[in-house]
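Novice: When you get a sec, could you give me coordinates for this:
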Amino acid sequence: MSADRDPREAAAVSRPSEYAAPEALASVQRRALAVGGVAALACVAGAATAPGQFFQSYLVGLLLWLGVALGCLGLLMLHHLAGGNWGLVVRRTFEAASRTVPLLALLFVPLLFGLGRLYVWARPEAVAGDPELQHKAGYLGARSFAARAALYFALWWACAHLLARWSRQQDAPANPFLARRMRALSGPGFGLYVLSMTFASIDWLMSLQPHWYSTIYGFYIVAGQGVSAFAFVILVALYLSGREPLARVLGPRHFDDHAKLLLTCVLLWMYFSFSQFLIIWSGNLQEEIPFYLVRRNGGWRLVSLGLFLLYFALPFLLLLLRDVKRSARRLGAVAGLLLVMSGVDPYFQVAPAFHPQGVALHWLDLAAPVAVGGLWIASFVRELRRAPLLPIHAANLEAMQDA
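Specialist: Numbering: from 1, shown residues only. Below you'll find the predicted structure:
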């Protein structure tokens, strides 16, 4: 019987162990969990002494890592729609990051206990004295806020779970229908991701200043998630490229592709950022301009300049250089900078609503992102270790390795 076995089936049995995640990831998981646990205990102490500041910092930290996870989900669906080796070599990284959505949903729960400290519309006395808030009360309410958040997370988890499940089924003997399923889901799934993230950005960020609105804000947030996700994926790829089994797979051509796509995400973020500013500046409406008036005061002007220089201008120039695009370490340095600035961007969206007079840094502004990030990275690594690092029977895998 064994002599008659199809060689492809034999390969399917041996290859999963061949592409298993390196053992070094176990120590990364333990360290991330330890750092996240210590930072979480510090945040608990901070919540007891400065609850208002805790919820502000915690919202920033959660949005940073949620952006990485959802950005990976969006990029995963784009890969299934467009194909290409750029996504094939990091597909399992996309899947592992997107499968952390349940953890992020659990970490979102503490925010529900701080709605009154974060949002003006959650304070009955403020709503009673503001006709505009009364008009929006049907949408901006604690119950509807929580219900919509549950719907968003359920939608994101459904897409992430199905795509990862079908992808892992490709590690068994080939099923030609799996690729079609993933492509069929990714089309409407990507549209729903952008739509749901648009509403989530209104709920969680725009409503911090409920009198302000922007019709392009959701696209701005989605573009930022693309930047943070690709920056994170490049750093993971850099780590794995120095260890088997991906040391013999990941090469300069893959990092060159990733650099070009990262540059695309950076340009999209800048395009939506400038478009939003231009629309509001040209309209000059009283309901819209407070967002930028506040961010021109005090230290916020410097933060805005820093975002322009370090989140767009410098990465843009560096990612045009061939020596940077084809060098994993140099590209990793650019990705690390962009990931750090991906934490500054949500801070710039949240903090001015509470400190319009200027920047007021608090130690929780660092502790909260570290706490959420430590727990999230530990969960990400656990998911990454659960499957081979490459989809065994995916189309073009053999051609990619032989190239």
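Novice: buried set for the strand or helix carrying residue 193?
Specialist: Using DSSP states H and E, residue 193 falls within helix 176-204. Within helix 176-204, the residues that qualify as buried are 178-179, 181-182, 185-186, 189-190, 192-193, 196-198, 200-204, counting by 16 or more other Cβ atoms under 10 Å. Bear in mind the C-beta positions are built from the backbone N, C-alpha and C, glycine included.
Novice: just checking, next helix/strand downstream of that helix?
Specialist: Moving toward the C-terminus from helix 176-204, the next helix or strand (DSSP H and E) is helix 217-241.
Novice: Which elements pack onto that next one?
Specialist: If you count contacts as 3 or more Cβ pairs under 8 Å, 6 or more residues apart in numbering; DSSP states H and E, helix 217-241 packs onto helix 51-82, helix 91-98, helix 176-204, helix 252-283, helix 328-350.
Novice: Quick one: mean pLDDT over that helix.
Specialist: The average pLDDT for helix 217-241 rounds to 97.
Novice: That helix: how far from the chain's middle?
Specialist: Relative to the chain's own centre, helix 217-241 is displaced by 6 Å; criterion: Cα atoms, centre = their mean, to the nearest Å.
Novice: before we move on, what about stretch 232-251?
Specialist: Using Cα atoms, centre = their mean, the offset of stretch 232-251 from its chain centre is 20 Å.
Novice: ok, and what's touching it?
Specialist: Outside stretch 232-251, the residues that touch it by Cβ atoms under 8 Å, 6 or more residues apart in numbering are 18-20, 22, 24, 68, 71-72, 75, 89-90, 93-94, 97, 254-255, 258-259, 262, 328-329, 331-332, 335-336, 339, 384, 389-390, 400-401.
Novice: if we go to 7 Å?
Specialist: Identification of contacts with stretch 232-251 by Cβ atoms under 7 Å, 6 or more residues apart in numbering yields 18-19, 22, 24, 68, 72, 89-90, 93-94, 258, 262, 328, 331-332, 335-336, 339, 389-390, 401.
Novice: Just the buried subset of those, please.
Specialist: Among the contacts of stretch 232-251, those buried by neighbour count (16+ other Cβ under 10 Å) are 19, 22, 68, 72, 89-90, 93-94, 258, 262, 328, 331-332, 335, 339, 389-390.
Novice: what ranges of the chain fall below the confidence cut-off?
Specialist: Applying pLDDT under 70 to the chain flags the ranges 1-17, 174, 393-403.
Novice: how near is the residue nearest to the spatial centre of it to residue 80?
Specialist: Taking Cα atoms, centre = their mean as the criterion, residue 68 is the residue nearest the geometric centre of the chain, at 1.7 Å. Residue 68 is 19 Å from residue 80, where distance means Cβ to Cβ, to the nearest Å.
Novice: Is it possible to get a markdown table of the helices and strands packed on helix 217-241 that adds distance to residue 156?
Specialist: A markdown table is the format used below for the helices and strands packed on helix 217-241 (distance: least, Cβ to Cβ, whole Å):
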| stretch | distance to residue 156 |
| --- | --- |
| helix 51-82 | 6 |
| helix 91-98 | 8 |
| helix 176-204 | 7 |
| helix 252-283 | 19 |
| helix 328-350 | 18 |
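Novice: Which among those is found nearest to residue 33?
Specialist: Nearest to residue 33, of all the helices and strands packed on helix 217-241, is helix 51-82, at 14.4 Å by Cβ to Cβ.
Novice: helix or strand right after that closest one?
Specialist: helix 85-88.
Novice: Mind exporting the C-alpha coordinates of that following helix to CSV?
Specialist: The C-alpha coordinates for helix 85-88 follow below in CSV (Å, rounded to 0.1, in the frame of the first residue of the first chain):
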residue,chain,number,x,y,z
ASN,A,85,4.1,35.9,-4.1
TRP,A,86,4.2,39.1,-1.9
GLY,A,87,1.3,37.8,0.1
LEU,A,88,1.9,34.1,-0.2
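Novice: can you give me how far it is from the chain middle?
Specialist: Relative to where its chain is centred, helix 85-88 has its mean C-alpha point 19 Å off (Cα atoms, centre = their mean).
Novice: Next: stretch 318-325.
Specialist: Offset of stretch 318-325 from its chain centre (Cα atoms, centre = their mean): 24 Å.
Novice: That one: end-to-end distance?
Specialist: Distance across stretch 318-325, first residue to last, is 8 Å (Cα to Cα, to the nearest Å).
Novice: can you check stretch 242-253 too?
Specialist: For stretch 242-253, the separation between the terminal residues is 15 Å (Cα to Cα).
Novice: Any buried residues in that stretch, and which?
Specialist: Quick answer for stretch 242-253 (16+ other Cβ under 10 Å): 245, 246, 249, 250, 251.
Novice: what kind of secondary structure is the fourth one in?
Specialist: Classification of residue 250 by DSSP: H, G, I helix; E, B strand; the rest coil places it in coil.
Novice: any idea what sits nearest it, other than its immediate chain neighbours?
Specialist: Excluding its sequence neighbours, the residue lying closest to residue 250 (Cβ to Cβ, 6 or more residues apart in numbering) is residue 241, at 4.1 Å.
Novice: Residue 284 versus the one you found, what's the distance?
Specialist: 50 Å.
Novice: Which one's more surrounded, these two?
Specialist: residue 241 (20 against 8; other Cβ atoms under 10 Å).
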